[in-house]
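Student: sequence and predicted structure, then a few things I'm wondering about:
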Amino acid sequence: MSALGSAALIAALVVAVYAAVAALIGTRGDRRWVVSARRAIYALLPDAGARPVDRAMLRELEVAARVQGERRRADLSSTA
């Protein structure tokens, strides 16, 4: 799973560098490069939006696991 995350980060870096270079080329007059740079940035947005959601879901799962563990401990201590 970490290999997939590393690959996603590398791909995002490549797209970001492309967008920066395309935007710089586009400032010299060819509007198609600016449009291409904008689309490259738009391609990165779903990835950026998914990360906070993933973190929030992971946090909720961690909290639920802790609560469940505490309940089990409480049940064991009350029966002992």
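Tutor: Ah, there it is. Numbering: from 1, shown residues only.

Student: quick one: pLDDT of residue 24?
Tutor: Note for residue 24: predicted pLDDT of 93.

Student: and the contacts of the one helix or strand residue 14 maps to?
Tutor: Assigned by DSSP states H and E, residue 14 belongs to helix 2-26. The contact list for helix 2-26 (CB atoms under 8 Å, 6 or more residues apart in numbering) reads 32, 33, 34, 35, 36, 37, 38, 40, 41, 43, 44, 47. Heads up, the C-betas are built off the backbone N, CA and C, glycines and all.

Student: quick check: angle from the worst-scoring helix or strand of the chain on mean pLDDT to helix 2-26?
Tutor: Every helix and strand of the chain was ranked by mean pLDDT, DSSP states H and E. The lowest is helix 31-79, at a mean of 75. With axes from the mean of the first three to the mean of the last three CA atoms, to 10 degrees applied, the angle from helix 31-79 to helix 2-26 works out at 150 degrees.

Student: what about helix 31-79, distance to the chain center?
Tutor: Offset of helix 31-79 from its chain centre (CA atoms, centre = their mean, to the nearest Å): 8 Å.

Student: so what secondary structure elements neighbour that helix?
Tutor: helix 2-26 (3 or more CB pairs under 8 Å, 6 or more residues apart in numbering; DSSP states H and E).

Student: buried residues in the helix it packs on?
Tutor: Using 16 or more other CB atoms under 10 Å as the test for burial, helix 2-26 gives 15, 19, 22, 23, 26.

Student: of the residues you listed, which is the nearest to residue 74?
Tutor: Using CB to CB, the shortest approach to residue 74 within the buried residues of helix 2-26 belongs to residue 15, at 49.7 Å.

Student: got the contacts of helix 2-26 as CSV, with neighbour count columns?
Tutor: Listed next are the contacts of helix 2-26 as CSV, based on neighbours: other CB atoms under 10 Å:
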residue, neighbour count
32, 10
33, 17
34, 16
35, 12
36, 16
37, 20
38, 14
40, 19
41, 16
43, 15
44, 15
47, 13
